[in-house]
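Student: Mind folding the following:
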Amino acid sequence: MGEPLYQLNDAHAIEVSKQYCIHTGLDPSEPPRFNQRYSPAELAAKLVKYKEYIEVIHFFIGKFLSSISGSPITITVTDDQGYVLEFAGDETIIKTVKQLGIEEGVRFSKDAGTNSIDLCLTHGRPFQLLGQDHYHTILHRLACYSTGFRSEDGRIVGTISLMTELGFAHPHLLALLCTMADSVERELLLRRQNTQLQMLNQFLLDTNFYGVVITNHLGHILEMNERCRSMLLLDGQTDYAGTSVFNIDLISPYFQRAIRRHEETIGVELSLAVKDDEHRYMLDVLPVYDTDRTIIRVVGSIRDITEMKKTEEILRNTEKLVFAGQIAVGIAHEIRNPLTTVKGMLQLLGKDNCLRHYNLIMSELERMNVIVSEFLILGKPQAVLFRKDRCFPVLQEVLNLFEIQAALNCITVDCVVHADHPIRCDRNQIKQVFMNIVKNAIEALPHAGKIHILLETREGYQRIRFADNGVGMSEEMLQRIGEPFHTTKSEGNGLGMMIVKKIIDAHHGRMDIASEAGKGTIVDIYLPLSED
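Tutor: Next up is the predicted model:
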């Protein structure tokens, strides 16, 4: 056969094909024989696979045939193996070729005689056969042209062939066919790119993580997803398409900057009041340009960073807490030294010297020592000693301490005991809890206010309720109770309620707080009852 096929020129390639036909015993006087064909099911599957190709080819075939109306031309589409998928064009020619056994599903291979489809697929380039270039005599009155159409990776995935009577043959027909194939490839590529862009666009619009708004060069909204409407507190039932983004106050300045000054906005933080809470957002606004650097779109994306900001604040408070703990350890040690001296001197004096309120003074000195130890929790954890005890005796000690302060402010404190069952607790820590809560209640009360304390049991817990008719708290303040360094007092540090929560958690209890500004506060402490 001489040279490798890919090096053969057209005339030589045609001659090699004819020699193969002679060698295999094909009779040129008989019609072509098609030994290979798709079954109806196989053909149907191929048509599904090539659906997009055929749709695009149909479009360009229609334009081509309309420009040469009346010419006896038929166009054939095959797959990458040479199997015929479809015919289009002049019905007379189609009828003629079908009488020759050429129909949907048959394969144009080298065994079917010298044909332009097989030569095109074999050599990977356009081919034309004019009259006697065909091996079979019955085809000598025809002119056939074939060119391949390729996928994005450059691989031939099928052929487009043109067949006409020899008298209508023209050198430009192959060039027109090649132009058609190029147009088909560009259209398919553009379709796939558009499909990918649409998928990406739809993904961005459907996401629950980002709010997305897309406008044209005038700021008219083209797309806005549900997440964006929700974050910007817009009506979820309204279609904002066609309206101006400049009417949305929160993001309007950044879209104006993009459209009028061609400036990007990256990572700007926005805040929006939502009921009693503040939501924080991060906004990006980017202009999209065409090849002439003209703005065609502006894309804005909004992310909710409220939780991230809260986490950052917690981390900052944690850092402060660590620093405060280091300071607290040093201060606590300095306080303990004189405290130990005073306690020791009082013990030397002893009870026998009839020192007034000796027992109360010693109790308070001991409690001060415990408070200092509790303050050291900020620096390092302290061991606790759990024993069986009751809440009411501890509460009485606390109320005795605040008796004078309450009387000076004309504050009425009443305590009702429905049930006082034993609990396992560290007495000094529970005393610290009661003291912090009563102190907060007194400080929150106006002159001549009231504090009502109730002890009862609820579902395996000893409940201690502290209710006052003081200034109360807003919902936002209530949500932040127990955060270090968050306080409503001018001289407070926010550590008191944090320590209260820590102690209650250590006792496997819980604390519920209800409050309303101007009406007062209710604090419920639940401590598990002793099982033995």
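Student: When you work out contacts or count neighbours from here on, use the C-alpha atoms and nothing else.
Tutor: OK.
Student: Strands along the stretch 51-200 of the chain, start to end?
Tutor: 73-79, 84-89, 127-130, 142-150, 156-165 (DSSP state E, counting those that start in this stretch).
Student: The longest one - contacts with which helices or strands?
Tutor: This points to strand 156-165. In terms of contacts (3 or more C-alpha pairs under 8 Å, 6 or more residues apart in numbering; DSSP states H and E), strand 156-165 is packed against strand 73-79, helix 116-123, strand 142-150, helix 172-206.
Student: of all the strands of the stretch 51-200 of the chain, which lies closest to Gly449?
Tutor: strand 142-150 (88.5 Å; C-alpha to C-alpha).
Student: low-scoring pLDDT stretches of the stretch 151-300 of the chain, where are they?
Tutor: In the predicted model of the stretch 151-300 of the chain, residues 195-207, 276 satisfy pLDDT under 70.
Student: residues touching Thr306, list them.
Tutor: Glu278, His279, Arg280, Tyr281 (C-alpha atoms under 8 Å, 6 or more residues apart in numbering).
Student: repeat that with 6 Å
Tutor: Residues in contact with Thr306 (C-alpha atoms under 6 Å, 6 or more residues apart in numbering) are His279, Arg280.
Student: And it, how far from Gln193?
Tutor: Using C-alpha to C-alpha, to the nearest Å, Thr306 is found at 36 Å from Gln193.
Student: swap in Thr291?
Tutor: 17 Å.
Student: more neighbours, those two?
Tutor: Shown here are Thr291 and Gln193; by other C-alpha atoms under 10 Å, Gln193 has more neighbours (12 against 6).
Student: how near is that one to Glu187?
Tutor: Gln193 is 10 Å from Glu187, by C-alpha to C-alpha.
Student: for Cys228, same thing?
Tutor: Taking C-alpha to C-alpha, one finds Cys228 at 34 Å from Glu187.
Student: Next: His136.
Tutor: 37 Å.
Student: now Val416
Tutor: 86 Å.
Student: Please say which of the two ends up with more neighbours.
Tutor: Neighbour comparison, Val416 and Glu187: the larger count goes to Glu187, with 16 against 12 (by other C-alpha under 10 Å).
Student: Spatially, what comes nearest to the more buried one if we skip its sequence neighbours?
Tutor: Val56 (7.2 Å; C-alpha to C-alpha, 6 or more residues apart in numbering).
Student: measure the nearest residue to Phe60 once chain neighbours are set aside to Ser71 for me?
Tutor: Of all residues not flanking Phe60 in the chain, Met180 sits nearest, at 6.6 Å (C-alpha to C-alpha, 6+ apart). Distance of Met180 to Ser71, given as C-alpha to C-alpha: 18 Å.
Student: more neighbours, those two?
Tutor: The residue with more neighbours, out of Met180 and Ser71, is Met180; 20 against 14, by other C-alpha under 10 Å.
Student: How much space separates the more buried one from Leu174?
Tutor: Met180 is 10 Å from Leu174, by C-alpha to C-alpha.
Student: And for Ile451?
Tutor: From Ile451 to Leu174 the distance is 101 Å (C-alpha to C-alpha).
Student: cool, Leu272 as well?
Tutor: Relative to Leu174, and taking C-alpha to C-alpha, Leu272 is found at 66 Å.
Student: quick one: which of these two has more around it?
Tutor: Using other C-alpha under 10 Å as the criterion, Leu272 and Leu174 rank with Leu174 on top: 20 against 14.
Student: and the nearest residue to the more buried one once chain neighbours are set aside, what is it in contact with?
Tutor: Ranked by C-alpha to C-alpha, 6+ apart and with sequence neighbours excluded, the top spatial neighbour of Leu174 is Tyr145, at 5.9 Å. Residues in contact with Tyr145 (C-alpha under 6 Å, 6+ apart) are Phe127, Gln128, Ser161, Leu162, Leu174.
Student: Could you do Ser474 as well?
Tutor: Ser474 neighbours (C-alpha under 6 Å, 6+ apart): Ala517.
Student: helix or strand right after the lowest-mean-pLDDT helix or strand in the chain?
Tutor: Ranked by mean pLDDT, DSSP states H and E, the weakest helix or strand in the chain is helix 358-375, scoring a mean of 68. Using DSSP states H and E, the helix or strand that follows helix 358-375 in sequence is strand 387-389.
Student: helices and strands around that following strand, which ones?
Tutor: On a contact count with 3 or more C-alpha pairs under 6 Å, 6 or more residues apart in numbering; DSSP states H and E, strand 387-389 meets strand 423-425.
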